[in-house]
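Novice: Predicted coordinates and the sequence they were generated for:
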Amino acid sequence: MVPTHMFLTRGVGVHREKLASFEEALRSAGVAYCNLVCVSSILPPNCKIIPRKRGEELLNPGEITYCVMARCETNEHNRLVSSSIGVAIPEGRHKAYGYLSEHHAYGETDEEAGEYTEDLAAQMLATTLGIKFDPDVAWKEREQVFKMGGKIVRTQNITQSAIGKSNLWTTVVALAVFIPLENIPNPDRSPRKKK
């Protein structure tokens, strides 16, 4: 199975129980009704990133759904938690694969965590493409090197952060969700309806 479509999503949940806060975060992300299986970080060749709403419409309750997930939780008052997924897409994406990276952290803002995951995904892709770069240079400078070389076309991220509350669990998630192949509508048929 090689997915041809995926979507990015994120969510936050707050509850007195740790597991329930995770469930709330998955509900917020729109994927709580799936049996999620976490996989590693390859973006398949020619895998189209679709809008979240469209992706949710292509999933069915209870089905096995593969994803790359970042998750972080806290029950400490005022503790900042963040989860982020980074994406690096290569030039010639119809033949070459890209990378997804996941990151979870304490004390990082959306911007900090998001830039880190984009950088990480781009670094992983750059090493497979033979792009030379200085790992000690700031991400904004490396980003220009990667993109000017023409081998990495685009990077992006989806990030969720939240601040912990007293006596409650706060969970943040960020996910890249792959759509099962059988759920992709055939152009000759009408689109699948969610059951």
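Specialist: All right, it came through fine.
Novice: Quick check: buried residues in the helix or strand containing Ser161?
Specialist: Element membership for Ser161 (DSSP states H and E) is strand 152-163. Using 16 or more other Cβ atoms under 10 Å as the test for burial, strand 152-163 gives 152, 155, 157-162. C-beta coordinates here come from the backbone N, C-alpha and C atoms, glycine included.
Novice: what packs against the helix or strand just after that strand?
Specialist: Sequence-wise, the next helix or strand downstream of strand 152-163 (DSSP H and E) is strand 169-178. Applying 3 or more Cβ pairs under 8 Å, 6 or more residues apart in numbering; DSSP states H and E, one finds that strand 169-178 makes contact with strand 5-15, helix 18-29, strand 64-74, strand 80-90, strand 98-106, strand 152-163.
Novice: Next, the angle from strand 169-178 to strand 64-74.
Specialist: Angle, strand 169-178 to strand 64-74, by axes from the mean of the first three to the mean of the last three Cα atoms, to 10 degrees: 150 degrees.
Novice: Buried residues of strand 169-178, list them for me.
Specialist: Neighbour-count burial for strand 169-178, counted by 16+ other Cβ under 10 Å, picks out 169-178.
Novice: who does the strand holding Ser161 pair up with?
Specialist: Here strand 152-163 is paired, per DSSP bridges, with strand 80-90 (antiparallel).
Novice: for the record, mean pLDDT for the strand it pairs with?
Specialist: Taken as a whole, strand 80-90 has an average pLDDT of 96.
Novice: i'd like the first residue to be 662 from this point on
Specialist: Fine by me, first position is 662 from now on; the one you just mentioned is strand 741-751.
Novice: helix/strand/coil for Glu717?
Specialist: Following DSSP: H, G, I helix; E, B strand; the rest coil, the label given to Glu717 is helix.
Novice: which residues of this structure score low on pLDDT?
Specialist: 794-796, 799-811, 813, 848-856 (pLDDT under 70).
Novice: Select the longest helix from it.
Specialist: Using DSSP state H to define each element, the chain has its longest helix at helix 771-790.
Novice: Okay then, goodbye and thanks.
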